[in-house]
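Visitor: Give me a model of this one.
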Amino acid sequence: MQSFKIARVMGIPIELHITFILLLILVYYFWDIGGFILYVFLFTSVVLHELGHSYVAKKYGVHIEKILLLPIGGMAMMDRIPKEGEFKIAIAGPIVSIILGILFLGLSTFMDFNILKIDNMVYPLFMTVGVLNLMLGVFNLLPAFPMDGGRVLRALISHKVGYLKATKIASTIGQYLSLIMLGFGIISLNIILILIAIFIYYGASQEYHALLSHDVFNKIKVKDIMSEDIVSVSPDDSIKDLVDLMFKYKYMGYPVVKDGKLVGSVSFNDIRNVDENISVKDIMKPPIVVSKNMDLNDLLLKMGNSERAYVVENNKLKGIISKTDIIRILKLLGLKRYEDNENNKK
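Guide: Below is the predicted model:
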């Protein structure tokens, strides 16, 4: 188990990654209880930052799977953000951090003048937490991916230059920023700055290429890649008959059809350690049914971890699409992109 749940806020599970626990132990070992308390305050602030994103995202109907706490920060794992809500969702987190910064700095000021009768040791703690929250908020507002400011910038300029180009601009700024940070990190021998720079560089690059792939996948329809060569089995066939069919056609999965209608799905994994005399209907599973006009993004979402889906039209099975078909089209797209790049060089 890589992470475990510690709380649920607004219906959103909050999980700690196992490496976070190890880091807490190291912080306590090297910096004693003071460093430990500071670290807890900071990551509580990070949780609130991510909850800021999540609260606004839920207003736009976005499903948030969980908030995961890592040694390098927090991450709200959510569905794709709608374009119309991107600005508000992106800016919510930094606003929360800035508000927390002002709040803690204000409290530390009261303590500095001894207005609040609290232990003087709390003053530097609140001062530090306040400053770091302000730094977190401002840093995340930098107009570059993968920071929140990159999404803010994209939301502001996408209506003028287009969504893909706006993503490219924010990603490029992120890569240049990471190179500057890397340079400072090397000169100052700051390993943390170097690691952050590497994270930003790859995060910026990944954001653009992920959107580029999504844009390409939107143009690919199921009917373009499905196989119409259908070999089906009956629910009344025995497992022995199914095994014989597998050896004959070399397919790993088959649709189960009765009276011309798709009623189930069966694969090689379903027949392991099963009596060969029982029927297919005893082990078949509900089929994943898709439309021939569905795009590749929706298909992948619908399939999930399933190996194949079945194309049905007017209650009749029209085709089969497997993960192998999808991998093949991705390889062809990669080859075409390589050939296009080579032709552009000439």
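Visitor: what sits up against the strand or helix carrying V243?
Guide: V243 is part of helix 239-249 when elements are defined by DSSP states H and E. With CB atoms under 8 Å, 6 or more residues apart in numbering as the contact definition, helix 239-249 has outside contacts at 231, 233, 252, 254, 266, 268, 271, 274-280, 283. (Each C-beta comes from the backbone N, C-alpha and C, glycine too.)
Visitor: please redo it, this time with the cut-off set to 6 Å
Guide: With contact meaning CB atoms under 6 Å, 6 or more residues apart in numbering, helix 239-249 is reached by V231, V233, I271, V274, E276, I278, V280.
Visitor: Quick check: next helix or strand after the helix ranked longest in the chain?
Guide: Criterion DSSP state H: the longest helix present in the chain is helix 18-59. Per DSSP H and E, the first helix or strand lying C-terminal to helix 18-59 is strand 64-70.
Visitor: Which strands or helices does that next one pack on?
Guide: strand 12-17, helix 18-59, strand 73-78 (3 or more CB pairs under 6 Å, 6 or more residues apart in numbering; DSSP states H and E).
Visitor: Give me the distance from the longest helix of the chain to the chain's centre.
Guide: Here helix 18-59 is found 21 Å from its chain centre; the criterion is CA atoms, centre = their mean, to the nearest Å.
Visitor: try stretch 279-295
Guide: 27 Å.
Visitor: Mind listing what's buried along that stretch?
Guide: V280, K281, I283, M284, P287, I288, V290, S291, M294, D295 (16 or more other CB atoms under 10 Å).
Visitor: Out of those, which comes closest to G150?
Guide: Closest approach between these and G150, by CB to CB: D295, at 25.7 Å.
Visitor: check contacts around the closest one.
Guide: Contacts of D295 were listed using CB under 6 Å, 6+ apart, and they are N218, K221.
Visitor: okay, it: pLDDT?
Guide: As predicted, D295 sits at a pLDDT of 90.
Visitor: For it, give its distance to S238.
Guide: Counting by CB to CB, to the nearest Å, the separation of D295 from S238 is 39 Å.
Visitor: can you check K83 too?
Guide: 53 Å.
Visitor: Of the two, which one has the most company?
Guide: S238 (17 against 12; other CB atoms under 10 Å).
Visitor: Using the three-state scheme, assign the residue nearest to P287 when sequence neighbours are not counted.
Guide: Nearest non-adjacent residue to P287, counting by CB to CB, 6 or more residues apart in numbering: S265, 4.1 Å away. What DSSP: H, G, I helix; E, B strand; the rest coil gives for S265 is strand.
Visitor: picking up where we left off before, packing partners of the longest helix of the chain?
Guide: Judged by 3+ CB pairs under 6 Å, 6+ apart, helix 18-59 is in contact with strand 64-70, strand 73-78, helix 86-112.
Visitor: one more time with 10 Å, if that's ok
Guide: Packing partners of helix 18-59 (3 or more CB pairs under 10 Å, 6 or more residues apart in numbering; DSSP states H and E): strand 3-9, strand 12-17, strand 64-70, strand 73-78, helix 86-112, helix 122-140, helix 148-161.
Visitor: picking that back up, now the helix holding V243, how far from the centre of its chain.
Guide: 39 Å.
Visitor: Measure how buried G260 is and give me the count.
Guide: Neighbours of G260 under the rule other CB under 10 Å: 9.
Visitor: and the gap between L317 and I220?
Guide: Counting by CB to CB, the gap from L317 to I220 is 21 Å.
Visitor: same question, V257
Guide: 27 Å.
Visitor: likewise D295?
Guide: Distance, D295 to I220, by CB to CB: 6 Å.
Visitor: now T172
Guide: The spacing between T172 and I220, counted by CB to CB, is 27 Å.
Visitor: Counting neighbours, go ahead and name the busier of those two.
Guide: The residue with more neighbours, out of T172 and I220, is I220; 18 against 15, by other CB under 10 Å.
Visitor: Tell me if I'm right that the more buried one and R328 touch.
Guide: No - using CB atoms under 10 Å, I220 is not in contact with R328; the gap is 12.0 Å.
Visitor: Got the domain ranges for the chain?
Guide: Taking automatic domain parsing as the criterion, the chain consists of the domains 3-218, 223-331.
Visitor: Out of the ones you listed, which gets the lowest mean score?
Guide: Averaging pLDDT over each of those puts domain 3-218 lowest, since it has a mean of 84.
Visitor: Relative to the whole chain's centre, how far out is it?
Guide: With CA atoms, centre = their mean, you get 15 Å for domain 3-218.
Visitor: Quick one: end-to-end length of it, please.
Guide: Terminal residues of domain 3-218 are spaced 33 Å apart (CA to CA, to the nearest Å).
Visitor: change the start of the numbering to 59 and stick with it
Guide: From this message on, residue numbering opens at 59, which makes the last subject domain 61-276.
Visitor: contacting residues around G188?
Guide: Contact partners of G188, counting by CB atoms under 10 Å, 6 or more residues apart in numbering, are S103, L158, G159, I160, L161, F162, L163, G164, L165, S166, T167.
Visitor: 7 Å instead?
Guide: G188 sits next to G159, F162, L163, S166 when contact means CB atoms under 7 Å, 6 or more residues apart in numbering.
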